[in-house]
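1. Predicted structure and sequence below. I'll ask about it afterward.
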Amino acid sequence: MPTDLSMEIVADENIPFVSTVFASLGEVRTLIGRQINRADLGDAEVLLVRSVTQVDEKLLAGSAVRFVGTATIGLDHIDLDYLSKKNMAFASAQGSNATSAAEYVISALLIIAERQGFQLRDKTVGIIGCGNVGSRVLKKLKALGVECIIHDPPLQEKTDNRDYVDLNTVLCADIITLHVPLTKGGRYPTEHLINADFLAKLQDEVVLVNTSRGAVLDERALLERLAARPTMTTILDVWKNEPNINQLLLQRATLGTPHIAGYSFDG
């Protein structure tokens, strides 16, 4: 099939094999994802990014870009309304790293269980968000004989599944793990879902796991909660303002990792 080798492609340099995979479609220029700006696009018709590049009108206005692809499951860095308005094609990698993210959660919980001397199967796990990652966490925990309760209002509305519980019920769990997208509007916004009110309802010795998005959690409220009730366990893989994260929260976290849960070969 003939290809237009005059097509220009701008890509994040940290997308594995991107130059090789897209070489047959045109000239690939790789750049540092955090630094990609309007001037870098030049005459590029294709833009390939990760979550560190904010793709919006500021970046794309007046450009020749016709296709945007993101090698991520999250979409909060993409202005989908703008892409639609400008008839720009779009693709993402939703679900591609779901298994590795779920495996991270299971591994982290097993580490904490060993350190603290409890059996995971003796605990109740509350899963908030039961999509690509949450559903896999649920399946793996059930295979280990762990009792799980799930809370996902948008998914519940779509499926009419009666297995879902309300938020107050899930907050009673021994372990709570978050698998929600970052949304700032709509009926179920998740930005600062984990706020002071949320934290006040948790058990003193709860284990809280966040591998979703840093902004889902109000970090100041969490620090205040940890100061007041230091028996709480936190497993944090995502942070606000990455990579310039809150160092105090990192020090207070029981287990802190640099956004690695979804960094698999598949992802």
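-> Now that the structure is in, tell me what you want to look at.
2. So residue 129 sits against residue 176, correct?
-> No: counting by C-beta atoms under 8 Å, no contact exists between residue 129 and residue 176, whose distance comes to 10.8 Å. Backbone N, C-alpha and C define where each C-beta goes, glycine included.
3. helices and strands of the protein: which one bottoms out on pLDDT?
-> The weakest-scoring helix or strand in the chain, judged by mean pLDDT, DSSP states H and E, is helix 153-159 (a mean of 90).
4. Check which helices and strands that helix is in contact with.
-> Here helix 153-159 touches no other helix or strand, going by 3 or more C-beta pairs under 8 Å, 6 or more residues apart in numbering; DSSP states H and E.
5. now the strands for the stretch 1-150 of the chain?
-> For the stretch 1-150 of the chain, the strands identified by DSSP state E, counting those that start in this stretch occupy 8-12, 27-31, 46-49, 67-70, 89-91, 124-128, 147-151, in order along the chain.
6. how about the ones you listed, which one is nearest residue 211?
-> Between residue 211 and these, the shortest separation by C-beta to C-beta is 11.5 Å, and it involves strand 124-128.
7. where does the closest one sit relative to the chain's centre, distance-wise?
-> Taking C-alpha atoms, centre = their mean, to the nearest Å, one finds strand 124-128 lying 17 Å from the centre of the chain it belongs to.
8. What strands line up against that strand, and which way round?
-> Based on DSSP bridges, the strands next to strand 124-128 in the sheet, each with its direction, are strand 147-151 (parallel), strand 175-178 (parallel).
9. Could you look over those strands and pick the most buried one?
-> When neighbours are counted by mean count of other C-beta atoms under 10 Å, the highest per-stretch mean among these falls to strand 175-178, a mean of 25.
10. Residues contacting that one, please?
-> Judged by C-beta atoms under 8 Å, 6 or more residues apart in numbering, the contacts made with strand 175-178 from elsewhere in the structure are 105, 109, 123-129, 134, 137, 170, 193-194, 202, 206-212, 216-217.
11. which residue packs closest to the residue positioned nearest the centre of the chain, ignoring adjacent ones?
-> Centroid-nearest residue in the chain, with C-alpha atoms, centre = their mean: residue 212, separated by 3.4 Å. With C-beta to C-beta, 6 or more residues apart in numbering as the criterion, residue 212 has its nearest non-adjacent residue at 4.7 Å, and that residue is residue 178.
12. Could you check stretch 154-174 and say which residues are buried?
-> In terms of neighbour count (16 or more other C-beta atoms under 10 Å), stretch 154-174 has its buried residues at 155-156, 164-165, 170-171, 173-174.
13. Quickly list the domain ranges of this structure.
-> What the record gives for the chain is the domain set 7-92, 97-256, from the TED database.
14. can those domains go into JSON lines with extra columns for distance to residue 264?
-> Conversion of those to JSON lines gives the following (distance: least, C-beta to C-beta, whole Å):
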{"stretch": "domain 7-92", "distance to residue 264": "11"}
{"stretch": "domain 97-256", "distance to residue 264": "3"}
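15. Nearest to residue 263, out of the ones you listed?
-> Using C-beta to C-beta as the measure, domain 97-256 is the one of the domains of the chain that comes nearest residue 263, at 7.4 Å.
16. starting at the chain centroid, how far to that closest one?
-> Distance, stretch centre to chain centre, for domain 97-256: 12 Å (C-alpha atoms, centre = their mean).
17. contacting residues for the residue nearest to residue 110 when sequence neighbours are not counted?
-> When the adjacent residues along the chain are set aside, residue 110 lies closest to residue 120, with 6.5 Å between them (C-beta to C-beta, 6+ apart). Each residue near residue 120 by C-beta under 8 Å, 6+ apart is listed here: 109-110, 113, 141, 144, 146.
18. The same query, at a cut-off of 10 Å, please.
-> Contacts for residue 120 (C-beta atoms under 10 Å, 6 or more residues apart in numbering) come out as 106, 109-110, 112-114, 141, 144-146, 174-175.
19. Out of the residues you listed, which sit inside helices?
-> 106, 109-110, 112-114, 141 (DSSP state H).
20. Would you check which pair of these lies furthest apart?
-> When C-beta to C-beta is used, the two most widely separated members of those are 114 and 141, lying 16.4 Å apart.
21. I'd like to know how far the residue nearest to residue 110 sits from residue 249.
-> Distance from residue 120 to residue 249, counting by C-beta to C-beta, to the nearest Å: 25 Å.
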